[in-house]
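Asks: Next one to model:
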Amino acid sequence: MDRLADAKVLPLQGGETSLSREGMSLLAPHVPEWNIVEIDGEARLQRTFTFSNFAEALAFTNRIGQIAEAVNHHPSILTEWGRVTVTWWTHKVRGLHRNDFIMAARTDQVYSEVANSG
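Replies: As a prediction, this is how the structure comes out:
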């Protein structure tokens, strides 16, 4: 898939499982600046974005909140002065799902738009 950010986020119907290591390895190249980390025994995608000030970081946080709300798939977001750490994972599967990689790609797209606008 050339443009992971354009893929559809599908609601979970039940019975889905987290991605295998092989599945994560296939999707990870689409979001190369993200790290797969383990928190509380669950694989998660995490990336820290940098900004010139708190206002820019907060504006980015709000944009990520909007795209998350639009598909009902929400990350953990830590907003600090000059940086935002975004962590995607799927609670229902207790780990990573294809949707998390799609949303990470969309987050990168928002960051690219913000970086190119200023």
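Asks: hey, let's count contacts and neighbours off CA atoms from now on
Replies: Fine.
Asks: all helices in this protein, in order from the N-terminus.
Replies: 21-27, 54-71, 98-117 (DSSP state H).
Asks: Let's have the ones you listed in JSON lines, adding mean pLDDT, mean neighbour count and distance to E80.
Replies: Below are the helices of the chain laid out as JSON lines (pLDDT from 0 to 100; neighbours: other C-alpha atoms under 10 Å; distance: least, C-alpha to C-alpha, whole Å):
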{"stretch": "helix 21-27", "mean pLDDT": "96", "mean neighbour count": "13", "distance to E80": "28"}
{"stretch": "helix 54-71", "mean pLDDT": "96", "mean neighbour count": "16", "distance to E80": "7"}
{"stretch": "helix 98-117", "mean pLDDT": "93", "mean neighbour count": "18", "distance to E80": "16"}
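Asks: To L12, which of those lies closest?
Replies: Proximity to L12 (C-alpha to C-alpha) singles out helix 98-117 among the helices of the chain, at 9.5 Å.
Asks: Throw the helices of the chain into TSV and include distance to V9, thanks.
Replies: TSV is the format used below for the helices of the chain (distance: least, C-alpha to C-alpha, whole Å):
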stretch	distance to V9
helix 21-27	14
helix 54-71	7
helix 98-117	5
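Asks: Among those, which comes closest to G41?
Replies: Between the helices of the chain, helix 21-27 lies closest to G41; by C-alpha to C-alpha that is 14.2 Å.
Asks: hang on, the earlier thing: what about the helices of the chain, which gets the closest to D6?
Replies: Nearest of the helices of the chain (C-alpha to C-alpha): helix 98-117, 7.7 Å.
Asks: Contacts for the closest one next, please.
Replies: If you take C-alpha atoms under 8 Å, 6 or more residues apart in numbering as the criterion, helix 98-117 is touched by 4-10, 19, 27-28, 30-31, 34, 45, 49, 60, 63-64, 68, 88-90.
Asks: Ok, stretch 66-86 next?
Replies: Residues contacting stretch 66-86 (C-alpha under 8 Å, 6+ apart): 9, 46-54, 56-58, 60-61, 65, 87-89, 103.
Asks: Brilliant, that's me finished.
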